[in-house]
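Participant: what shape does this take:
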Amino acid sequence: MAEGDDAKNEKETVEGTIRSVVYHNDENGYTVLHVEIPSGYALRKLNEITVVGKTRAVWEGEDVKAEGAWVTDKVHGRQFKADSITCVAPKSLAGIERYLASGLIKGVGKVLAKRIVDTFGDDTLNVLNHQSARLVEVPKLGAAKIAQIRESWRANATMRENMIFGQTYGISVAKMTKIVRRYGPDAIAIVKADPYKLCRDIWGIGFATADRIALSVGIPRDSPLRARASISYVLEKEAEDGGHCWTYENDLLLRGNELTGIPVETLGTALEQELEDARVVAERDGEGPRRVYLKKLYYDEKDVAYRVRRILSTPRTFREIDARRAVAWWERRAGFRLESRQSQALERSLESKFSIITGGPGVGKTTIIRALVDIYGERKLKVVLAAPTGRAAKRMSESVGAPAQTIHRLIKWNPVTNEFTYNGENKYDADVFIFDETSMIDISLAADLLAAIPESSVVVWVGDTDQLPSVGAGSVLGDMIKSGVVPASKLEFIFRQDAAGLIVTNAHHVNAGESLEIRQGDTDFYFMRIDDPQACIARAIEFMTKRIPRKFGLDPLEDVQVLSPMRRNSLGTENLNFEIQRALNPGGEGLVRGGTVFRAGDRVMQLRNNYDKDVYNGDVGFVKSVDTMSRTMVVTFDGRPVRYDSGDLDELVLAYATTIHKSQGSEYPAVIVIVHSQHYVMLQRNLLYTAITRGRKLVLLMGVPYAVDQAIKTNTVRERRTGLAERLNGG
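Facilitator: All right, here's what the predicted structure looks like:
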């Protein structure tokens, strides 16, 4: 029968026993089963059929009822495509025996499963459900094993109930596992009582999922619970999508109305309740409308302003340095004179308790950091170097010649107390703190960091204000400079150039809104025009996997990074990762999450801060090993192994290609930057500037000239709604 004829087949039902679970996707429930059916069932002379469809967790030996139609797959042949699959406990002794031995119960294999079934026969499942004390009747079964079986059976029953609940409301097994881990055995009751807790407590579950559950369990559309949840959600989305710390009250209520259909008046009442319970905070801008903050962002902003002012006003514990003499000493030691603006910036940092140094690539920021380390080191002062990401910290250490670490590891998360080890009550003991890539520091990280720094210490922030802003809320570096309270020096004279080099030159061209400079012959910057998106993908893979490694002696996995403005579309990172993985790491077993397969050898990136694992948003690692039986894998970050369960896989993405936003703070020996008309809505000057400055030895820009020109011309950077600059000035 042709495949087109299958659509005409009438719907029917098949029943049988699951012989094997060929495939089951925890994320979306997609399942492939081999099912034994009675001989001659439905006039088909088949004893075993293939059933494909979606269902919750399944086990070998279960009885199954599937409703759907027969189809002919071009690759896999005849199979039953199910619209619905219902699994129930098996009835036959053989089915029960296989069920118990399927891995359902920890410690029970084929031999022990047979002994249990031989003992209780048809009554086996009833005994396990209601009379488990009778397990003492099974020959050669000790007390410890009985306890293990009873506990595993109870846990499995709860798990099955949870998974059925999750599937009913479109929650994947992986996310349902996180929910149970967070709320315990009463997870379903807790979620039904207030589904909107999921938005606040479970990473990866948004308002839409929680709202669907709420409406399904009977929570009214105009209920105060729903209205209040929408207030917090809109504020969170504003922070997440736009980097805003606050939202005008009227805008907040209108967006809540668009989201839920709840009248603005009802939402206004909900807002007052949220304010009364201190879940959100509002303050008035003079005579203007109220600004509404999430509670944490409000206090983070106030805390940062307070601590910056405290550091500026507190005397240092060591004797002040004669800045001019110190600069002259360092120049003699280094064997060259600093350019005048460099010298002024270094003097200002030596004289100030808290100072900022900004500028683009090649203007000498690293030289000033090195000078500060040498000058303070000569005076036996303790100097700490840190940056927001592992790659930035590593680069800082290599270029300065002194150890550096990430900010998170500097202040040390304590999973027992659920807070950083170094904080407002326990300061980090050092005299001088120098932080690089500070444009990446959002308001919450700034609050945690500054709380850990003694007021008597000297603090220097180094960064590039022309790069993309922090992923998280706030504009800390820009607001500090804007306030005028923190002494800031901007370096503009370009030092890091060579005869053939164009990376630094073109970065500054882009920043100035000027056209790129392209040369023939050997250089470190190339542009390749490719109009067709599929050809662009093919060429990017060719250059990443073959041509760049061959010409420059680079490792495609370690040294070459593909960058794209977007996640979606054929030239977005999701599709690029799929295609590059097929070229670089196509074989072997893997763990599946959604449409992604993680295999040993894959380059991956962490998507959120996971303090328990000591892995943070933007960290890049490599999959060391995969265990498909236990559905776990080990990822190494800078050589440190970290274990991931199937429920944690939503925190990882493949990282052969990454978005330009996610590349912030990182520098790679070679980058391939794809800029195409597909990316039109994302094209901005600071985006292209950030991409170009990620390359250390080579930048290959690939795409269409129109898109590059559009990015250079578009400099309408969206202002973030923050209040730090005002607070630094006493507002």
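Participant: what about the nearest residue to residue 73 once chain neighbours are set aside, which SS state?
Facilitator: Nearest residue to residue 73, sequence neighbours excluded (CB to CB, 6 or more residues apart in numbering): residue 79, at 5.8 Å. For every residue, glycine as well, the C-beta is placed using N, CA and C. Assigned with DSSP: H, G, I helix; E, B strand; the rest coil, residue 79 falls in the strand class.
Participant: how about the helices in the stretch 551-700 of the chain?
Facilitator: 573-584, 685-692 (DSSP state H, counting those that start in this stretch).
Participant: tell me which of the ones you listed is the most buried.
Facilitator: Among those, the stretch with the highest mean neighbour count (mean count of other CB atoms under 10 Å) is helix 685-692, at a mean of 24.
Participant: from residue 204, how far out is residue 725?
Facilitator: Counting by CB to CB, to the nearest Å, the separation of residue 725 from residue 204 is 33 Å.
Participant: settle it for me: which of these two has more neighbours?
Facilitator: The residue with more neighbours, out of residue 725 and residue 204, is residue 725; 18 against 14, by other CB atoms under 10 Å.
Participant: got the contact list for the helix or strand harbouring that one?
Facilitator: Here residue 725 sits within helix 724-728, counting by DSSP states H and E. Here helix 724-728 makes contact (CB atoms under 8 Å, 6 or more residues apart in numbering) with 245, 301-302, 304-305, 308-309, 443, 474-476, 479-480, 482-483, 485-486.
Participant: which ones among the residues you listed lie within helices?
Facilitator: 301, 302, 304, 305, 308, 309, 443, 476, 479, 480, 482, 483 (DSSP state H).
Participant: residues in contact with the third one?
Facilitator: With contacts defined as CB under 8 Å, 6+ apart, residue 304 is in contact with 443, 446, 447, 450, 476, 724, 727.
Participant: now those residues as TSV including pLDDT, neighbour count and distance to residue 712?
Facilitator: Converted to TSV, the contacts of residue 304 look like this (pLDDT from 0 to 100; neighbours: other CB atoms under 10 Å; distance: CB to CB, whole Å):
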residue	pLDDT	neighbour count	distance to residue 712
443	97	27	30
446	97	28	31
447	97	23	35
450	98	24	36
476	97	31	27
724	96	26	30
727	96	20	35
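Participant: residue 608 reaches residue 651, doesn't it?
Facilitator: Yes - counting by CB atoms under 8 Å, residue 651 is a contact partner of residue 608 at 5.6 Å.
Participant: who touches both of those two?
Facilitator: Listed as contacting both residue 608 and residue 651 by CB under 8 Å, 6+ apart are residue 203.
Participant: all the strands of the stretch 351-500 of the chain, in order from the start?
Facilitator: Taking DSSP state E, counting those that start in this stretch as the test, the strands found in the stretch 351-500 of the chain are 354-359, 383-387, 405-406, 413-414, 419-420, 432-435, 458-463, 488-491.
Participant: other SSEs contacting the second one?
Facilitator: Secondary-structure packing of strand 383-387 (3 or more CB pairs under 8 Å, 6 or more residues apart in numbering; DSSP states H and E): helix 365-378, helix 390-400, strand 405-406, helix 407-411, strand 432-435.
Participant: what pairs with the third one, parallel or antiparallel?
Facilitator: With DSSP bridges as the test, strand 405-406 is paired with strand 383-387 (parallel).
Participant: pull the residues that contact the strand it pairs with.
Facilitator: 369, 372-373, 376-377, 393, 395-397, 400, 402-407, 410, 428, 430-437, 665.
Participant: put the alpha carbons of that strand into CSV.
Facilitator: Presented in CSV, the C-alpha positions along strand 383-387 are these (Å, rounded to 0.1, in the frame of the first residue of the first chain):
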residue,chain,number,x,y,z
VAL,A,383,45.4,41.9,44.6
VAL,A,384,42.4,39.9,43.3
LEU,A,385,41.6,39.6,39.6
ALA,A,386,38.2,38.3,38.3
ALA,A,387,35.8,38.4,35.4
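Participant: thought the residue nearest to residue 73 was touching residue 48?
Facilitator: No - assessed by CB under 8 Å, residue 79 is found out of contact with residue 48, at 11.3 Å.
Participant: okay, the two: which has more neighbours?
Facilitator: Neighbours per residue (other CB under 10 Å) separate residue 79 from residue 48, with residue 79 holding more: 18 against 12.
Participant: quick one: pLDDT of that one?
Facilitator: What the model reports for residue 79 is a pLDDT of 89.
Participant: wait, is residue 23 part of a strand?
Facilitator: Yes - assessed with three-state DSSP, residue 23 lies in a strand.
Participant: and the residue lying closest to it once chain neighbours are set aside, how far from residue 74?
Facilitator: In this structure, residue 23 finds its nearest non-sequential neighbour in residue 32, 4.2 Å apart by CB to CB, 6+ apart. For residue 32, the distance to residue 74 equals 16 Å [CB to CB].
Participant: comparing those two, which residue is more hemmed in?
Facilitator: Neighbours of residue 32 and residue 74, each counted by other CB under 10 Å, are more numerous for residue 32; the result is 16 against 6.
Participant: pretty sure the more buried one is touching residue 50, no?
Facilitator: Yes - here residue 32 reaches residue 50: they are 6.7 Å apart, a contact under CB under 8 Å.
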